[in-house]
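Make a model of this:
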Amino acid sequence: MKIYRLFLCLAALQTAFAAEPLYPSLDGRVMCGYQGWFRTETDQSNAGWHHWVRKHNGKYTPTIDYLPDISEATSDELSPLPLHFKEGAVAKVFSSDNRATVNRHFKWMKQYGIDGVFVQRFPTSFYNRKSEPRPYRNSGDRVLGYCRDAAAANGRSCTLMFDLSGLGANAAEIVIKDWKHLTSSGIINFKTDTAWQYHQEHPLISIWGLGFNDKRKYNLAACEKLVDFFKTEGCSVLLGVPFYWRTLNKDTIRDKRLHDIIRKADIVHSWSVGRFKDSNGVKHVEKVWQEDSIWCLENKLTFMPVVFAGFSWGNLKGEPNSIPRRGGAFLWEQFIAAQHAGASCIYVAMFDEVDEGTQIFKIDNTPPEGEDFEFQSYGDLPSDHYLWLTGEATRLFRSGKPFPQKIPKR
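Coordinates of the predicted model:
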């Protein structure tokens, strides 16, 4: 009997430790968005090419502006792009549906001092119009599991961001169904997911796409239903909203109900990518963020602004380097603005987003020349420059010390 009681005590103690979050708050943390949506014809998803190329009239063309650095990858992680390069050159890329690839990305986060990621999840890709799961959902589940495991193995945190883009009027029902699938299958288990990011002592979940005025098919009522649902699940909720959410202007619907829903959540995450492009734009952003931060403070919410390294979609939409990186100065200025605005945490968009050229991970600095397309590079800067710069900014931001106006020397 004594042994049995001892066993119960040890089991209870183990459960308590397992439930204790390693990352109880977003305060002081710099997190990245992680798309994880890249697929190839040879990976296990059987989904063909995703987010690398598109096919039109029987010909493939790239949808990305940068090629990833694959120098550390093994041959079984890679597939050659079905593109025509000059002098018969070949370019290979990875699939996100590969544990080794994902783990390498998290090792880079650990190496450079980046805190963790919001794993992006697009339910519109995983369910059909009848709300039935598509086979592709299995691949998305695996990628989320890889991120969960890699975060734990590398001392990083991760959480999930549901992106509502593309969903219809039943957006809330689809997301709730997907959540129940993830928790019932054990892909998400807060008692064992020691690397899961928490905030205010509750596991963090994100809902992105609330309040945009780009004619989305779901409404505010659906978004509010999701906030209420995740609150009953015991979660802290981050809401991804338009840049002008507070004034209900420009990219935002003119409906004050948006503010009522935001007040139900815990974190405001305003989307700034593409809303400005130079130093003068950053100055304007700082003023907006300062007022956003005050509003959040008055309403007992955490404000998490978005910073990004640059923007380019030359191969996707014919606009190469539409927001220049300026060697990292553009990103650094935004970190300064966020600190001046009083932000307690920051979101970097994105870790791996080569579609729109916002990525910070390592890229191929000497890409082969295409026959009728062109890839960008970081120029004379090392391929890991933006990983290093984000890590430097993370350490400085957490210290609370003022940022120098210029990028530090490496």
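
which sections of the chain are below the confidence cut-off?
Scanning the chain with the threshold set as pLDDT under 70 gives 1-19.

mind listing the helices for it?
2-19, 99-112, 123-126, 137-153, 171-184, 220-232, 257-264, 279-298, 314-317, 329-340, 385-399 (DSSP state H).

how about a markdown table for the ones you listed, with distance to Met350 added?
Glycine gets a C-beta too; all of them are placed from N, C-alpha and C. Output for the helices of the chain, formatted as a markdown table (distance: least, C-beta to C-beta, whole Å):
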| stretch | distance to Met350 |
| --- | --- |
| helix 2-19 | 30 |
| helix 99-112 | 12 |
| helix 123-126 | 17 |
| helix 137-153 | 14 |
| helix 171-184 | 21 |
| helix 220-232 | 22 |
| helix 257-264 | 23 |
| helix 279-298 | 18 |
| helix 314-317 | 15 |
| helix 329-340 | 12 |
| helix 385-399 | 11 |
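
Of the ones you listed, which is nearest Lys59?
helix 314-317 (13.3 Å; C-beta to C-beta).

What is that closest one packed up against?
Using 3 or more C-beta pairs under 8 Å, 6 or more residues apart in numbering; DSSP states H and E, no helix or strand is in contact with helix 314-317.

re the thing from before, make TSV out of the helices of the chain and add mean neighbour count.
Listed next are those as TSV, based on neighbours: other C-beta atoms under 10 Å:
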stretch	mean neighbour count
helix 2-19	10
helix 99-112	20
helix 123-126	19
helix 137-153	21
helix 171-184	18
helix 220-232	18
helix 257-264	17
helix 279-298	16
helix 314-317	18
helix 329-340	22
helix 385-399	20
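
Which one, of those helices, ends up nearest to Glu374?
With C-beta to C-beta as the yardstick, what comes closest out of these is helix 314-317 (6.8 Å).

How about residues contacting the closest one?
Helix 314-317 is contacted by residues 61-65, 320-321, 355-356, 373-376 when judged by C-beta atoms under 8 Å, 6 or more residues apart in numbering.

ok, now with 6 Å
Counting contacts by C-beta atoms under 6 Å, 6 or more residues apart in numbering, the residues outside helix 314-317 that touch it are 62-63, 65, 320, 373.

Kindly report the same for stretch 382-396.
With C-beta under 6 Å, 6+ apart as the test, stretch 382-396 has contacts from 30, 69, 108, 112-114, 309, 328, 335, 348, 360, 362-363, 365, 378, 403, 408.

Which members of the contacts of helix 314-317 are the farthest-apart pair?
Going by C-beta to C-beta, the pair spanning the contacts of helix 314-317 furthest: Thr63 and Pro320, at 13.2 Å.

Pick out whichever of these two has more residues nearby.
More crowded of Thr63 and Pro320, by other C-beta atoms under 10 Å: Thr63, with 18 against 15.

how close does Tyr66 get to Ala169?
36 Å (C-beta to C-beta, to the nearest Å).

neighbour count winner among these two?
A count of neighbours by other C-beta under 10 Å puts Tyr66 above the other of Tyr66 and Ala169, at 24 against 12.

got the phi/psi numbers for the more buried one?
The phi and psi values for Tyr66, taken as degrees, to the nearest 10, are phi -130, psi 150.

shouldn't it be in contact with Ser377?
No: in terms of C-beta atoms under 6 Å, Tyr66 does not count as a neighbour of Ser377; the distance is 7.4 Å.

From Leu160, how far out is Leu389?
Counting by C-beta to C-beta, the gap from Leu389 to Leu160 is 26 Å.

my bad, should have said Ser399
29 Å.

Rebuild the contacts of helix 314-317 as a markdown table, extending it with distance to Ser383.
What follows is the contacts of helix 314-317, written out as a markdown table (distance: C-beta to C-beta, whole Å):
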| residue | distance to Ser383 |
| --- | --- |
| Pro62 | 19 |
| Thr63 | 21 |
| Asp65 | 15 |
| Pro320 | 19 |
| Phe373 | 20 |
